[in-house]
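In: Whatever this is, show me its structure:
(2 chains)
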Amino acid sequence: MIHFVLLISRQGKVRLTKWYSPYSQKERAKVLRELSGMILTRGPKLCNFVEWRGYKVVYKRYASLYFCMCINQDDNELEILEIIHHYVEILDRYFGSVCELDLIFNFHKAYYILEEILLAGELQESSKKTVARLIGAQDSLVEDAKEQASSIKNMIAQATK
Amino acid sequence: MNPFSSGTRLRDMIRAIRACKTAAEERAVVRKECASIRAAISEDDPDYRHRNLAKLMFIHMLGYPTHFGQMECLKLIASPGFPEKRIGYLGLMLLLDERQEVLMLVTNSIKQDLNQTNQYIVGLALCALGNICSAEMARDLAPEVERLLQFRDPNVRKKAALCTIRIIKKVPDLAENFINPAAALLKEKHHGVLLTGVQLCTEICKVSTEALEYLRKKCITGLVKVLRDLTNSPYAPEYDISGITDPFLHIRLLKLFHVLGHGDADASDTMSDILAQVATKTETNKNAGNAILYECVATILSIEDNGGLRVLAVNILGRFLSSRDNNIRYVALNMLMKAIALDSQAVQRHRATILECVKDPDASIRKRALELVYLLVNESNVKPLTKELVDYLEVSEAEFKGDLTAKICSIVEKFSPEKIWYIDQMVKVLTQAGNYVKDEVWHALIIVITNAPNLHGYTVRALYKAVQTAGGQETLVRVAVWCIGEYGEMLVGNSGMLDVEERINVTEADAVDVIETAIRCHSSDLTTRAMCLIALLKLSSRYPSCTKRINDIILQQKGSLVLELQQRAIEFNSIIERHEKIRSALVERMPVLDEATYSGRRAGSVPAAVSTSQGALPKIPNGVVKPASAALVDLLDLSSDADQAPSSSGGDYLQDLLGVDLAPASQGTNQTDKRGADVLLDLLSIGAPPAQSSSSMLDMLSSGQDNKSAVGMLDNLASPSAPSAQASSPGASSSMMDLLDGFGPSPSVPETNGPTYPSIVAFESNSLKITYKFSKEPGNPQTTIIEAQFVNKSPDIYSNFVFQAAVPKFLQLHMDPASGNILPESGNGSITQKLRVSNSQHGKKSLVMRMRISYKANDKDVLEEGQVNNFPRGL
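Out: Reported below is the predicted structural model:
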């Protein structure tokens, strides 16, 4: 099971946090501090796993962002690397060659995509196409609602003229 | 855009925050935004609610408090539209966790959304439930989720399946309801549903044996077929990752096989063919393939014995281990730890490679490899392996030394073929990385040394040499100082030479030099310095030629700012200068420390440590910080934990050997106003009141050597006012009296047939003084007879004088009538009353008593209350 997912920039800024196990706000801040200290200082050629408080944290760096996932001792570290890559590829398709700025300004979108990939700390969908389709459908639901709202506003505006 | 809305857009806020150059600027921007969001919340403005929540989420991610937005999430979730719900649920999952009470309020909204027809709204609710539900919510909503496992849309089914995992983790009892619907998911064709269904089945099997049996019986052949079809499937672009179709599903299926095959030969047999196929045919040039292989190996190692498959698995790990990819090597080391339990021979073959991994530049790999080496060690290979590790210790990075030393020490302790080798290795470790060695390790070393009488000389010389080269390793210095103190004459005399040794010429002055350097070195901590002092005292007797110099060194510590050292220095100085006759007896070599007792105490020291940490919280009032007192206790009593509760360690022969039981001593000074007699007991700082000190002294001696004169001497210690009663060593006892001079009157009247107790002032106020005298009935140690005497200190006569007392449950109190109820003024007379207290916890707990005294003085009723805590111990 994945206990949490973190996206940390090379400067140590937090870009996304998703907690599947209960951590209080205080603990969350502590975890972030500890892990960014451990992971950001590791050299480039080393393995992608660090052991931390009896768990393992699998991380992978994409450009300026570190994607980290915390798992149990007996989980499959190599598979987690694939899951991270899976997520990155879906983000890439959604934003069209994603960069850190996309994830800063559209952080909620990054969360929505993660919700379609992981749930309860387990993998939900292995097809990138399906995830893209589901996100697209929900985005268009939101767009429709917006259009409707603005058209109603226009109608009201015209009616009150 | 509403012109009256004060808020900025989300994008603009993020820009503003990113433009901040300092943390203070950022705080200012965030504060302003939070203020406007709070204002919007209090106006209950629905138009910008979702934007405000999005802003709050961003602010939350930056680490600022956002609890005031929690209710907004609930409002958004309760609103009918999909966009509001979407952001509301996201906020809920981000800003709240399962432990917050607010979450209970959302249960109903989630329930309604689970019953919606719009699949996306159902999906949102399932997602929130799966990520943050609490046990109560799990119970409330389990029926809805169970129904949704059969929902028409596969994307809802897969969410429901994962949500069920959370539910059964929170409430394992619910697992049984889900067995059938979960098994049904295994027949799905949709990859997402199948994937989640397999995961759900794995989790259910972990909590329910019933489910495990069911799946073994009904589903295993079907699952094997699914995996076979998957491995043989043609190229499927939607699921393809580097040439493999859906590696995630592969891995999840293997995980389920792991659970199903574990402990069941039939199931293992059914799956062995497909496992062999996966193990041999999977492509290994990409990470995805390796991930599958890794999982496959884990499954093979967990299922019931199939020799051929295991060989295959260990070979795969061997291949992994020689890979150049660090990740692969890491997982190989990880899995070999499991393999070692099954086939240690096969793993031993890779020993050389594993040892190389201990020296890897990557800390994660080093750590794994070290754990593995630790498991690889056995009697036959302990010597070469330890040599490798000790050699590596020299060049390893500082942060790795701690782990490495701990493991080496543990290996050496566990497998040492002979004591001399153990001592050799430990001296090497202490020389290389003494500062990383834990306390219990060097304590254990000292115990081993005392138990090897033929190696005393060898050890002390080896340590002497080691200290010359590595004086900066504090632990090494401590052990060396201790040994030089104990076996100083063997160091100088080259006695007990072994054949392998070279002669060294050490003069007495050289040995004292070592200790002087250690005590002078400012990096030495209190424990080391205290140990040095003791060693010096011992050497003062072992090296008569250096006595003067040693005394000078001790004298310098008289000015120490640490009370403990100062006090010890004064005492030791006094022993050296004025009590030559008893000195040599006082500083006898330590009795051999009992290994079995020590290891037993080590094992039992965990709960003791807990109680210490609680007990250590209040500072001791005379300014001695707790660790200071603990430090000396350490000296002779190697487990300070156990000693912190002196009353519990009655049979602890080490405790009072040189009377360094400090904790009670410092309490004693605290109470001196009440019982000046206690000061006396500080003779050699025997902090405990006389009853205990005498008995523990005898304890010590009875378990130590039968040193007759010491018994006599120590008896005198316990009852110093009656030297003539112990005629065996009159000289010694009179010198004891010297030690005591100036300390006030003797507290006890010695009796030949049993211990006696000093009387105490149980209560004293401006107007009243109560004294207790104690006696025991012979043959009934539990019962104490207390004679209470009341004296009136005021100029008024007290009438209607009544004394009442209360005791805790483990005591029984019986009071005789008082000798009167009128108390004459100004101490012109007294009332006495007899109390009889029997202690059901005799020897474990000491007496305590509360009392209330009422009387009439000048026609006014007076009530006084007090508590007696200063009963002598052992009553």
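In: What residues of stretch B:781-798 count as buried?
Out: For stretch B:781-798, a neighbour-count test (16 or more other CB atoms under 10 Å in any protein chain shown) marks B:781-786, B:788-792, B:794, B:796-798 as buried. In this view, the C-beta of every residue, glycine as well, is placed from N, C-alpha and C.
In: Need the CA coordinates for it. CSV is fine.
Out: The C-alpha trace of stretch B:781-798 is given here as CSV (Å, rounded to 0.1, in the frame of the first residue of the first chain):
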residue,chain,number,x,y,z
PRO,B,781,9.6,-8.1,60.7
GLN,B,782,6.4,-6.9,59.1
THR,B,783,5.1,-5.2,62.1
THR,B,784,6.6,-2.0,63.4
ILE,B,785,5.8,-0.5,66.8
ILE,B,786,5.9,3.2,66.7
GLU,B,787,6.0,5.2,69.9
ALA,B,788,4.7,8.7,69.1
GLN,B,789,5.6,11.5,71.4
PHE,B,790,3.9,14.8,71.3
VAL,B,791,5.5,18.0,72.6
ASN,B,792,3.8,21.3,72.9
LYS,B,793,6.1,24.2,71.8
SER,B,794,3.6,27.0,72.5
PRO,B,795,3.1,28.8,75.8
ASP,B,796,-0.5,27.6,76.0
ILE,B,797,-1.9,24.4,77.4
TYR,B,798,-3.6,22.1,74.8
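In: sorry, back to before: mind telling me the two of the buried residues of stretch B:781-798 farthest from one another?
Out: Farthest apart among the buried residues of stretch B:781-798 by CB to CB are B:Pro781 and B:Asp796. That separation is 41.6 Å.
In: pLDDT score assigned to A:Tyr62?
Out: Each residue has a pLDDT score; the one for A:Tyr62 is 93.
In: Any idea what it is bridged to?
Out: A:Leu65 (DSSP bridges).
In: For burial, what's the neighbour tally of it?
Out: Counted with other CB atoms under 10 Å in any protein chain shown, the neighbours of A:Tyr62 add up to 17.
In: ok, it to chain B distance?
Out: According to CB to the nearest CB, to the nearest Å, A:Tyr62 and chain B sit 15 Å apart.
In: need the helices for chain A, in chain order.
Out: A:25-40, A:77-95, A:100-105, A:107-117, A:128-160 (DSSP state H).
In: could you say what helices and strands the third one packs with?
Out: Applying 3 or more CB pairs under 8 Å, 6 or more residues apart in numbering or on different chains; DSSP states H and E, one finds that helix A:100-105 contacts strand A:14-19, helix A:77-95, helix B:10-19.
In: same thing but 10 Å
Out: In terms of contacts (3 or more CB pairs under 10 Å, 6 or more residues apart in numbering or on different chains; DSSP states H and E), helix A:100-105 is packed against strand A:2-9, strand A:14-19, helix A:77-95, helix A:107-117, helix B:10-19, helix B:49-61.
In: Identify all contacting residues around the helix or strand that the fifth one is followed by.
Out: Note on helix B:10-19: by DSSP states H and E, the next helix or strand toward the C-terminus is helix B:23-43. Counting contacts by CB atoms under 10 Å, 6 or more residues apart in numbering or on different chains, the residues outside helix B:23-43 that touch it are B:5-8, B:13, B:16-20, B:22, B:45-49, B:51-53, B:55-56, B:58-59, B:62-66, B:68-69, B:71-72, B:75.
In: Low-confidence bits of the chain, can you list those?
Out: Assuming you mean chain A. Nowhere does chain A drop to pLDDT under 70.
In: nope, chain B
Out: Along chain B, the model assigns pLDDT under 70 to residues B:1-7, B:98, B:598-755.
In: What are the boundaries of the strands in it?
Out: With DSSP state E applied, chain B shows strands at B:240-241, B:244-245, B:760-764, B:768-776, B:783-792, B:798-806, B:811-815, B:830-839, B:849-857, B:860-868, listed in chain order.
In: can you put the helices of chain A in TSV and add distance to B:Ala40?
Out: As requested, the helices of chain A are exported to TSV (distance: least, CB to CB, whole Å):
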stretch	distance to B:Ala40
helix A:25-40	23
helix A:77-95	30
helix A:100-105	21
helix A:107-117	18
helix A:128-160	18
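In: Let's have those helices in CSV, adding mean neighbour count and distance to B:Asn435.
Out: As requested, the helices of chain A are exported to CSV (neighbours: other CB atoms under 10 Å in any protein chain shown; distance: least, CB to CB, whole Å):
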stretch, mean neighbour count, distance to B:Asn435
helix A:25-40, 15, 23
helix A:77-95, 20, 33
helix A:100-105, 16, 43
helix A:107-117, 21, 45
helix A:128-160, 13, 53
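In: Out of the contacts of helix B:23-43, which end up buried?
Out: Counted by 16+ other CB under 10 Å, those give B:7-8, B:13, B:16-17, B:48-49, B:51-53, B:55-56, B:58-59, B:66, B:69, B:72, B:75 as buried.
In: OK, contacts around B:Phe248?
Out: Neighbouring residues of B:Phe248 by CB under 10 Å, 6+ apart: A:79, A:82-83, A:86, A:123, A:125-127, B:191, B:195, B:198-199, B:239, B:241, B:288, B:291-292.
In: let's see it at 8 Å
Out: Contact analysis of B:Phe248 by CB atoms under 8 Å, 6 or more residues apart in numbering or on different chains lists A:79, A:82-83, A:86, A:123, A:126, B:195.
In: filter the contacts of helix B:23-43 by proximity to chain A?
Out: Among those, proximity to chain A is found for B:18, B:58, B:62-63, B:65 (CB under 8 Å from any CB of the partner chain).
In: circling back to that earlier point, so for B:Ile446, which of the strands of chain B sits nearest?
Out: Taking those one by one with CB to CB, strand B:830-839 is closest: 37.6 Å.
In: Partner strands of that closest one, with direction?
Out: Short version: by DSSP bridges, strand B:830-839 pairs with strand B:783-792 (antiparallel), strand B:811-815 (antiparallel).
In: Please put the alpha-carbon coordinates of the shortest one into CSV.
Out: Output of strand B:811-815 as CSV, limited to C-alpha atoms (Å, rounded to 0.1, in the frame of the first residue of the first chain):
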residue,chain,number,x,y,z
LEU,B,811,-0.5,-1.1,55.6
GLN,B,812,-2.5,-1.9,58.6
LEU,B,813,-2.6,0.5,61.5
HIS,B,814,-3.6,-0.2,65.1
MET,B,815,-3.5,2.6,67.6
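In: Flag every buried residue along that strand.
Out: B:Leu811.
In: residues in contact with that strand?
Out: Outside strand B:811-815, the residues that reach it (CB under 8 Å, 6+ apart) are B:805-807, B:833-840, B:847-849.
In: Now flag whichever of the residues you listed is closest to chain A.
Out: Minimum distance to chain A across those is 41.0 Å, recorded for B:Val848 (CB to the nearest CB).
In: How many neighbouring residues does that closest one have?
Out: 15.
In: Test my guess that it contacts B:Phe871.
Out: Yes: B:Val848 is within contact range of B:Phe871, at 7.0 Å (criterion: CB atoms under 8 Å).
In: anything in contact with each of these two?
Out: Common neighbours of B:Val848 and B:Phe871 (CB under 8 Å, 6+ apart) do not exist.
In: among the contacts of strand B:811-815, who's most crowded?
Out: When those are compared by neighbour count (other CB under 10 Å), B:Leu847 ends up highest, at 25 neighbours.
In: who's in contact with that residue?
Out: B:784, B:807, B:811, B:837, B:839, B:868, B:871, B:875.
In: Which strand residues bridge the residue nearest to the fourth one when sequence neighbours are not counted?
Out: This means B:Val837. Spatial nearest neighbour of B:Val837, chain neighbours left out: B:Thr784 (5.0 Å); criterion: CB to CB, 6 or more residues apart in numbering or on different chains. Beta-bridge partners recorded for B:Thr784 (DSSP bridges): B:Lys776, B:Val837.
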